[in-house]
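**Q** requesting a structural model of the entry that follows:
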Amino acid sequence: MIEIKDLSMDTLLLLEDDSYEHFEFQSSYSEDDLARFAMYDLQVYHRDKRKIQTIIIYSSDVRKIDNNLHIGSLVYTPINIMMYNYDGNAVYKTLETKLKSGNDITDNDMLNLIFLPLMKWEKKGLSRVALTKQSIKMAQTIPDRRKRDICTAAAFMFSQKYLNETDLNQILEVLKMTDLATMLIEDAVNENTKKVEKETTEKVTVKVEKETKIEMAKEMLLDKKPMEEIKKYTKLTEKEINNIKKPLKLK
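**A** Numbering: from 1, shown residues only. Take a look at the predicted model:
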């Protein structure tokens, strides 16, 4: 997520051609939202001077929208993806058949799997959280480890755009049973270890530097160097230097 002057867009990706893709996930349509997204794009362009293309993914709850926003000299034309036009039942059956037969899945299959919960479903009563669980469980049957982890991670990441905190907690329970969770825990442990090592090194460095300054101050005091000179070279305060001086019993 990127925040610009109290405004926040869902996802902003920097592409290989040095342009941006701005993703938004919507479960309703409003012209005000289009104006808001256009404002994001203008501010990003003003800041970075990179071309930017908005892609709005509308859930199956949305059936009718305006393709662009025309306000005179400015015409804002995002790419609109209407999940209502995708048959969730058919996509699910196709993916299930392919995975059960042991066939590899394509990049397009991966996208279909990730966005399954947002598609139109014939069966009534299926909640988004139930569909997200199905999507993640199906991802776990992908033979290729890399593709499996990508689909699992992306399904969870995008679910944060359309599920509430209670529903997300249910998804986290499902994630705990996946290989990805194990990998993330290992990464977190490794990262924490590196953090502890860094903090420890920094503390040791500070301590050594401090002791070096104290020893330098002692030598300069014994040589009867003036206070201002000691402060200049040791970077210690006058109070610190006087505290070092007391045990030396200097006149």
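**Q** domain parsing for this structure?
**A** Domain ranges of the chain: 1-83, 86-177, 185-248, per automatic domain parsing.
**Q** quick one: contacts for Y20?
**A** L12, L13, L14, V44, D48, R50, K51, I52, Q53 (Cβ atoms under 8 Å, 6 or more residues apart in numbering). For the C-beta atoms, the positions are set from N, CA and C on the backbone; glycine is no exception.
**Q** Provide a list of residues in contact with the closest residue to S27 other than its chain neighbours.
**A** Excluding the flanking residues, the one nearest S27 by Cβ to Cβ, 6 or more residues apart in numbering is S59, at 4.5 Å. By Cβ under 8 Å, 6+ apart, the contact list for S59 reads F25, Q26, S27, M83, Y84, L118, Y162.
**Q** helix/strand/coil for the last one?
**A** For Y162, the secondary-structure state derived from DSSP: H, G, I helix; E, B strand; the rest coil is coil.
**Q** distance of it relative to P78?
**A** As judged by Cβ to Cβ, to the nearest Å, Y162 and P78 stand 18 Å apart.
**Q** try the second one
**A** Relative to P78, Q26 is positioned 11 Å away (criterion: Cβ to Cβ).
**Q** mutual contacts of those two, please.
**A** By Cβ under 8 Å, 6+ apart, the residues touching both Q26 and P78 are I56.
**Q** now, the contacts of S59 that are in strands?
**A** F25, Q26 (DSSP state E).
**Q** if we only consider the contacts of S59, which is nearest to D66?
**A** Of all the contacts of S59, Q26 has the smallest distance to D66: 12.6 Å, by Cβ to Cβ.
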